[in-house]
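> task: produce atomic coordinates for the following.
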Amino acid sequence: RSIGISIMKKAEANTVSVANSAMDEISDIKASLGGDIEVVTIFDQSEFIESSISELLREALIGGGIAIIVVFLFLMAFRASIVTAISIPLSILVGFLVMSSFGFTINILTLSAMAIAVGRVIDDSIVVLEVIVRNLRSGQRFPEAALNGAREVATPVTSATLATVVIFLPLAFVGGIVGEMFVPFALTITFALI
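You can find the predicted model right below:
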């Protein structure tokens with residue numbers, strides 16, 4: 001009276017594409033059988049991935065917007081707010097490009113890694129911007145203020161970023177099934193932060 005079918009993707013396949021293709025095929029099969037069958041999906045990981053992507057985009061926009069407003073309110077510098085606004089999508093874009101070149105797919109773990117990386121990028125941007133704005137207010141011209149400010153905090157910002165990378169990078173060397181799950185997570189954080 002019923003048939004259970006489990007569809008599993010290959011490691012290099014995109015979960016959402018596989019699920020959408022499977023659902024399209026199921027619709028074709030239902031139509032060819034006259035519609036007398038009922039198909040019930042028990043578990044579809046693509047739904048979680050799609051909702052995670054939309055949540056990540058929403059949270060990134062909200063978080064980025066709040067970060068820009070906070071930077072503007074504390075520093076009262078519009079250009080400084082723009083730098084923060086650019087650093088967030090730029091780091092996400094670079095992270096996704098490198099992920100793609102390594103063959104990583106977008107999934108819950110890689111999206112989680114990207115969310116962690118965005119938080120660190122915002123922190124680093126704010127620290128560097130605060131010093132630059134302080135230098136501008138002390139009378140330095142913009143090029144000097146930017147170079148001196150970046151030099152002043154380069155070591156602590158780089159150290160903090162590398163510390164985060166060093167914390168997560170060992171996950172990339174875990175073997176077995178756990179390693180298969182955490183390698184993309186660890187490397188995604190690393191790509192986005194570096």
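
> my guess is I49 contacts S112, does it?
No - with contact defined as CB atoms under 8 Å, I49 does not count as touching S112 (11.6 Å). Heads up, the C-betas are built off the backbone N, CA and C, glycines and all.

> low-confidence ranges in the protein?
Scanning the chain with the threshold set as pLDDT under 70 gives 35.

> Three-state assignment for the residue nearest the centre of it, please.
Nearest to the geometric centre of the chain sits M114, at 2.4 Å (CA atoms, centre = their mean). Here M114 is helix, with the state taken from DSSP: H, G, I helix; E, B strand; the rest coil.

> separation between it and T188?
6 Å (CB to CB, to the nearest Å).

> shared neighbours, these two?
In terms of CB atoms under 8 Å, 6 or more residues apart in numbering, M114 and T188 are both contacted by the residues G95.

> so where do the helices sit in the protein?
Applying DSSP state H to the chain gives helices spanning 15-32, 45-75, 78-101, 108-137, 142-168, 176-193.

> could you export these as JSON lines, including distance to I7?
As requested, the helices of the chain are exported to JSON lines (distance: least, CB to CB, whole Å):
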{"stretch": "helix 15-32", "distance to I7": "5"}
{"stretch": "helix 45-75", "distance to I7": "10"}
{"stretch": "helix 78-101", "distance to I7": "24"}
{"stretch": "helix 108-137", "distance to I7": "18"}
{"stretch": "helix 142-168", "distance to I7": "32"}
{"stretch": "helix 176-193", "distance to I7": "19"}
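
> neighbour count winner among I49 and S112?
In this view I49 and S112 are compared by other CB atoms under 10 Å, and I49 has more residues nearby, 20 against 15.

> thinking again about what came up before, the helices of the chain: which one's closest to K9?
In terms of CB to CB, the element of those nearest to K9 is helix 15-32, at 4.2 Å.

> got the angle for the closest one vs helix 108-137?
140 degrees (axes from the mean of the first three to the mean of the last three CA atoms, to 10 degrees).

> so T105 sits against K10, correct?
No - assessed by CB under 8 Å, T105 is found out of contact with K10, at 10.7 Å.

> more neighbours, those two?
When T105 and K10 are compared for neighbours, T105 comes out ahead with 18 against 7, by other CB under 10 Å.

> contact partners for that one?
By CB under 8 Å, 6+ apart, the neighbours of T105 are 12-15, 184.

> OK, contacts around the nearest residue to V98 once chain neighbours are set aside?
Leaving out its chain neighbours, the residue that sits closest to V98 by CB to CB, 6 or more residues apart in numbering is F191, at 4.0 Å. By CB under 8 Å, 6+ apart, F191 lies in contact with 94-95, 98-99.
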